[in-house]
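# Provided below for reference: sequence and predicted model.
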Amino acid sequence: MSNRGLHLSALAVACLLTAGVSAPAAASDLNELAAASRFVVHSRVNKVEYVLSEAAGKQPGVPHTLVTFDVVKPLQGSAGASSFTLRFVGGPDGRGRFMRASNVPVFQSGDEDILFVRDNGANGCPLAGCVDGRFRVLNGMLYDGTGVPVQRVESNRIVASGQVPAELGSFRFPRPSFDDLLKNAEAREALSRQGLSVAEARQRYEAQAPAMIEMSMISGGPSAADRGGHGQGHEANARSSATGQTMSADSFVAQLSGLAMARVESAAAFQSVDAEARIAAPSSQPAGPAKARAERAAPARAAADIAEERALPKDDLSITRNKPQ
Amino acid sequence: MKARLTLAGAALACLAASPAFAFNVGSCLGTPVKWATNNPLVRVSSVSFPDGYWRNGLQRTIDLTNQNPTPFFFSTTTDTDGLGLGNGQSETWGSTDAGILQGAPAITYWYDTCYWLFGVVSHRDEADVIFDYNAPFQWTADEVKSSLIRYTGTRRQLQGTGVHEFGHALGLLHVNTEYNIMGADFEHIWANGASAHGYLGEDGADGATYLYGPWSFAWQDLGVAHWKYSSADGQYSRHVKTGVFNSSGVVLPTVSVNGETGYRVSKGQVVQVEFTYENNGRDTQTVNTGWYVSTNDIISTGDRLLATNTGMTLSRGDVLTYRRTLTIPSDLVSGTNYWVGTIVDNNNAVADSIRSNNATYIPIRVN
């Protein structure tokens, strides 16, 4: 392999912003999102705060993010106020670590979104479908919760593909204070190796450390082309080349008004999450599996087939369980 | 105790868009985020993965993730001192708690150190992989294809989704531009005969190599699948099965063959048969590849050879979805099911560490 370029890219920043969840079974369905939502709102992020849950046993406080949204325009139902606050799991711990939770979007002040709000986040992700319930708006155009351009709504399903615009790419959070960073054992050890006094280190940190910590994406670039070799055949086009038209937020909103949202509840009872409330530690109680074997239904195979299959090459797994370095 | 930070009016950085993409990894202040060790330990819940079927399936998941051309590998042990997020231990378990699953079939939580202290300090500290064990229970640890969704079964394979999640744990992020495990994992499957399983694949191997460098051991692994890239679905690539086409490239009429999509062909017909070839190993390989017709779905060198390409060159980077022109033999029996197949490196020229994945098939029925 050669000629491999590596590029900072915005594309999978989407993946960074909402990384970790396994692939969904199908694209987002607007009816399903609506049916699971208390209200749908065009909003702008006014404030982002980071908090820790309570600790539990050996589990320390888990980072959470409180996001306060200003209502730009109610679309279905109502938040009941001109602003509302939701809670999401994930965020910085204030001591130099950032925790990410799959399927959970990350917000920054100024973000403009159309949100399908399920509840306030006191009981899991506050958006219907979590990241699927977020649609980002940039310059009047619509992007899904991961920043991928939405091209159209097809039979109530979101069709999104293409590159994430750079503006929806990386995210930033405030650097830890020097005092908080010193609560991090690794940082203390690093300082000790530097041989600096605390006062001197503090002065240099406050002068030189970036005010905001930026997390971003690195994408692998194109590699050397494969070749099919000598024979009658050709490479099939099997890579993304989607560059379709991005849908406008206005067009999307127009389609929302046509949706049957009968199950959207009255927003009168909606309460923003209490920013001062203690957050219970997330449960780490394991569950047991079902008896999958009982549902196996492998069709009978001929004895000759079984024998042929048994004769296929077998792999030696031992080396990858303890790779020599 | 509640720590509180306030972020006000953060501006987003503008990054130049790149024209082409494959694997994706995260970065902290421009530095790729990866483990500081090549051998993180995963603690396995014995409640969620009891000894036997489920623990074996979880171990197989780890093995499939470890099948990459880098010195990086996960080790496993049974958790004995309690599970938790942010406890400094990487763990895996099943849960029915909506508050931790966040609506996902499986989820990975990771903690990354990312700060500046007279230089960028960045490394992965912990990754916890949690599977949704709610009813209806959706998992199987079988590698019998009849158990799997997208074949004739109803279950999602622990190994496929698990490799996706442990791919996150390793440092990989979603990809929506090519056939890869970090897209729709349940459509990223190798199959031959009755067996089928998810796997890390070329793009995942490439991303792992970017993060952890090539292994000193000459790990080579060519493979072939009857799946290919279909489209982007948000941040995920979606995949569809490869097909059989007429000589003009028009897909042939289909027919169900033992519950799988087969293609109607005629004796003597010139067709294009499509498969996706991968190099999941360390080095570029130039090999011979054969196409076969079989009386069952087990493709082996004992089957009838229809054509050979010499000089197929596979590099680790982009997968090769390739259509080979073949002539359907005139002596096949009308109304009978056959399977056209392919074997990459069919003369065993490469010291392939995972030879089992070198063959796969597509069903056909002769008119």
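Structure's in. What do you need?
# residues in contact with residue B:292?
B:299, B:303-306, B:340-343 (CB atoms under 8 Å, 6 or more residues apart in numbering or on different chains). (Each C-beta comes from the backbone N, C-alpha and C, glycine too.)
# who are the packing partners of the helix or strand hosting residue A:72?
Assignment of secondary structure by DSSP states H and E places residue A:72 within strand A:63-76. If you count contacts as 3 or more CB pairs under 8 Å, 6 or more residues apart in numbering or on different chains; DSSP states H and E, strand A:63-76 packs onto strand A:39-52, strand A:83-89, strand A:91-92, strand A:112-117, helix A:249-257.
# please give the centre-to-centre distance between the third one and its chain.
The chain centre lies 13 Å from the centre of strand A:91-92; the measure is CA atoms, centre = their mean, to the nearest Å.
# how about the secondary structure of whichever residue of the stretch 251-367 of chain B sits closest to chain A?
At 2.4 Å from chain A, residue B:317 is the closest residue in the stretch 251-367 of chain B, using CB to the nearest CB. When classified by DSSP: H, G, I helix; E, B strand; the rest coil, residue B:317 comes out as coil.
# could you export the helix or strand containing residue B:25 as CSV, CA atoms only?
If you go by DSSP H and E, residue B:25 is part of strand B:24-28. What follows is strand B:24-28, C-alpha atoms only, in CSV (Å, rounded to 0.1, in the frame of the first residue of the first chain):
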residue,chain,number,x,y,z
ASN,B,24,-12.2,7.5,10.5
VAL,B,25,-10.6,8.0,13.9
GLY,B,26,-10.9,10.7,16.5
SER,B,27,-8.3,13.2,17.4
CYS,B,28,-7.5,15.5,20.3
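# what sits up against the very next helix or strand once past that strand?
Once the chain leaves strand B:24-28, the next helix or strand it forms, by DSSP H and E, is strand B:31-32. Contact with strand B:31-32 is made by A:218, B:25-26, B:120, B:122, B:171, B:210-211, as judged by CB under 8 Å, 6+ apart.
# please name the nearest non-neighbouring residue to residue B:262.
residue B:363 (3.4 Å; CB to CB, 6 or more residues apart in numbering or on different chains).
# and residue A:185, how many neighbours?
9 (other CB atoms under 10 Å in any protein chain shown).
# is it correct that residue A:38 is in contact with residue A:118?
Yes. With contact defined as CB atoms under 8 Å, residue A:38 counts as touching residue A:118 (6.5 Å).
# just checking, residue A:121 touches residue A:88?
Yes. Between residue A:121 and residue A:88 there is a contact under CB under 8 Å: 6.0 Å.
# between the contacts of strand B:31-32, which has the most around it?
residue B:26 (29 neighbours).
# gap between residue A:281 and residue A:151?
Distance, residue A:281 to residue A:151, using CB to CB, to the nearest Å: 41 Å.
# out of the contacts of residue B:292, list just those in strands.
With DSSP state E as the criterion, strands contain B:304-306, B:340-343 from among the contacts of residue B:292.
# show me just the buried residues among these.
B:306, B:340-343 (16 or more other CB atoms under 10 Å in any protein chain shown).
# need phi/psi at residue B:207.
Phi and psi for residue B:207, reported as degrees, to the nearest 10, are phi -60, psi -40.
# now it. Nearest residue, chain neighbours left out?
Excluding the flanking residues, the one nearest residue B:207 by CB to CB, 6+ apart is residue B:23, at 3.1 Å.
# and if you look at residue B:26?
With sequence-adjacent residues excluded and distances taken as CB to CB, 6+ apart, residue B:26 is closest to residue B:33, at 4.5 Å.
# buried residues in the longest strand along chain B?
If you go by DSSP E, chain B has its longest strand at strand B:120-132. Going by neighbour count (16+ other CB under 10 Å), the buried part of strand B:120-132 is B:121-122, B:124-132.
# state whether the residue nearest to residue B:262 is indeed within a strand.
Yes. Counting by three-state DSSP, residue B:363 falls inside a strand.
# that one bridge partners, please.
Applying DSSP bridges to residue B:363 gives these bridge partners: residue B:339.
# again with residue B:272
On the basis of DSSP bridges, residue B:272 is bridged to residue B:245, residue B:325.
# that one reaches residue B:327, doesn't it?
No. With contact taken as CB under 8 Å, residue B:272 and residue B:327 are classed as non-touching, separated by 11.1 Å.
# neighbour count winner among residue A:38 and residue A:118?
Neighbour comparison, residue A:38 and residue A:118: the larger count goes to residue A:38, with 25 against 22 (by other CB under 10 Å).
# so how many other residues sit close to residue 285?
No chain specified, so I'll use chain A. So residue A:285, with other CB under 10 Å, has 13 neighbours.
# can you look at chain B instead?
Residue B:285: 20 neighbours (other CB under 10 Å).
# how close does residue A:231 get to chain B?
The gap separating residue A:231 from chain B is 3 Å, by CB to the nearest CB, to the nearest Å.
# what's the closest non-adjacent residue to that residue?
residue B:309 (3.5 Å).
# buried stuff in stretch B:148-163?
Within stretch B:148-163, the residues that qualify as buried are B:148-153, B:155-163, counting by 16+ other CB under 10 Å.
# first-to-last residue distance for it?
16 Å (CA to CA, to the nearest Å).
# does that stretch reach chain A?
Yes. Using CB under 8 Å from any CB of the partner chain, we find that stretch B:148-163 touches chain A at B:153-155, B:161.
# helices of the stretch 201-350 of chain B, start to end?
For the stretch 201-350 of chain B, applying DSSP state H, counting those that start in this stretch gives helices covering B:201-212.
# got the residue ranges for the strands in it?
Applying DSSP state E, counting those that start in this stretch to the stretch 201-350 of chain B gives strands spanning B:222-225, B:227-233, B:236-241, B:244-246, B:254-257, B:260-265, B:270-279, B:285-294, B:304-314, B:320-327, B:337-344.
# turn the ones you listed into JSON lines, including mean pLDDT.
Formatted as JSON lines, the strands of the stretch 201-350 of chain B follow (pLDDT from 0 to 100):
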{"stretch": "strand B:222-225", "mean pLDDT": "98"}
{"stretch": "strand B:227-233", "mean pLDDT": "89"}
{"stretch": "strand B:236-241", "mean pLDDT": "93"}
{"stretch": "strand B:244-246", "mean pLDDT": "98"}
{"stretch": "strand B:254-257", "mean pLDDT": "98"}
{"stretch": "strand B:260-265", "mean pLDDT": "98"}
{"stretch": "strand B:270-279", "mean pLDDT": "98"}
{"stretch": "strand B:285-294", "mean pLDDT": "98"}
{"stretch": "strand B:304-314", "mean pLDDT": "97"}
{"stretch": "strand B:320-327", "mean pLDDT": "97"}
{"stretch": "strand B:337-344", "mean pLDDT": "98"}
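# circling back: strand B:120-132 and the strand holding residue B:25, what's the angle between them?
Here strand B:24-28 runs at 130 degrees with respect to strand B:120-132, directions being taken by axes from the mean of the first three to the mean of the last three CA atoms, to 10 degrees.
# tell me what strand B:24-28 is packed against?
Against strand B:24-28 (3+ CB pairs under 8 Å, 6+ apart) you get helix A:13-17, strand A:212-220, strand B:106-116, strand B:120-132, helix B:201-212.
# so how far is it from its chain's centroid?
20 Å.
# how about the helices of chain A, start to end?
A:13-17, A:30-35, A:178-181, A:185-194, A:198-208, A:249-257, A:303-310, A:318-321 (DSSP state H).
# which residues does the longest one contact?
The list of residues contacting helix A:198-208 from outside it, by CB under 8 Å, 6+ apart, reads A:178, A:181-182, A:191, A:194, A:196, B:116-118.
# and residue B:99, how many neighbours?
The number of residues packed near residue B:99 is 16, by other CB under 10 Å.
# and it, which of the three is it?
helix.
# pull the CA atoms of stretch A:313-325 into CSV?
What follows is stretch A:313-325, C-alpha atoms only, in CSV (Å, rounded to 0.1, in the frame of the first residue of the first chain):
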residue,chain,number,x,y,z
PRO,A,313,-9.4,-24.5,5.8
LYS,A,314,-9.3,-23.9,9.5
ASP,A,315,-7.7,-20.8,11.1
ASP,A,316,-5.2,-20.7,13.9
LEU,A,317,-6.5,-18.2,16.4
SER,A,318,-3.8,-18.6,19.0
ILE,A,319,-1.5,-15.9,17.7
THR,A,320,-4.1,-13.1,17.8
ARG,A,321,-4.9,-13.9,21.5
ASN,A,322,-1.4,-13.0,22.5
LYS,A,323,0.3,-11.1,19.7
PRO,A,324,4.1,-11.1,20.0
GLN,A,325,5.2,-7.5,20.0
